[in-house]
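Student: build me a structure from this.
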Amino acid sequence: MSLDNKALLALVKKNPVLSACSLISLILFVVIYMRSGLGSELRAELDQKSAEGKRYHANLANPAQLPSELAVVTEANRIVRERAINPSDLAKNLQYFYRIEAETGVKFTDLRQVGAGISSSTGTKHAGAVYVAVNYTMSVSGDFPKIIIFLKNLEQGTRFYRLNSMTTSVTGAGTTLVLNVDLLGRP
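Tutor: Here you go, the predicted structure:
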């Protein structure tokens with residue numbers, strides 16, 4: 001029972017509605033199959049465009065707040081700039097540490113500015129950076145409570161700092177603390 005072209009043509013002529021429905025079903029099945037992969041791509045694109053539209057809408061709806069937000073950011077930047085040191089003002093920068101020394105009663109056995117604009121953690125220069133790391137090494141001696149107060153004053157001081165390394169040793173004369181810190185500086 002094989003179907004040749006003549007028998008197939010006779011079957012189509014005998015049942016035209018069934019043949020037309022079968023052909024349309026086959027075409028729809030192929031179209032649906034071809035487009036089934038596009039759904040997730042189109043959904044992702046729709047989500048992206050929706051998020052972008054919401055951002056534009058928020059920008060258009062809130063333009064009155066932009067000047068006040070700009071003023072807040074500008075003021076915060078001014079405060080950070082004031083708290084950053086100038087790496088070339090060596091005496092003024094060292095005076096910051098000497099003031100903390102006088103307030104806490106510890107004694108510096110060594111205090112040096114090692115480098116400016118070089119990150120001690122990466123060892124690289126930050127060309128074109130807005131702020132640079134100014135590295136200091138220091139050795140502080142005193143009794144333990146004064147060392148803790150020194151660290152607290154350093155942490156709560158007017159300058160931004162990052163503690164890179166710290167070692168401590170206890171001797172008969174008290175506690176010795178060796179620090180490697182970076183202060184935030186302007187290039």
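Student: how far off centre is the lengthiest helix in the chain?
Tutor: Identified as the longest helix of the chain according to DSSP state H is helix 38-61. Relative to its chain's centre, helix 38-61 lies at 24 Å (CA atoms, centre = their mean, to the nearest Å).
Student: same question, stretch 98-105
Tutor: Its chain's average C-alpha position is 35 Å from that of stretch 98-105, according to CA atoms, centre = their mean.
Student: which residues touch it?
Tutor: By CB atoms under 8 Å, 6 or more residues apart in numbering, the surrounding residues in contact with stretch 98-105 are Lys107, Phe108, Leu111, Val140, Gly142, Lys146, Ile149, Phe150, Asn153, Leu154, Gly157. Where you see a C-beta, it was placed from the backbone N, CA and C, and this is true even at glycine.
Student: now stretch 167-186: buried residues?
Tutor: Within stretch 167-186, the residues that count as buried by 16 or more other CB atoms under 10 Å are Thr175, Thr176, Leu177, Val178, Leu179, Asn180, Val181, Asp182, Leu183, Leu184, Gly185, Arg186.
Student: can I see the domain layout of this protein?
Tutor: What automatic domain parsing lists as the domains of the chain is 5-61, 90-185.
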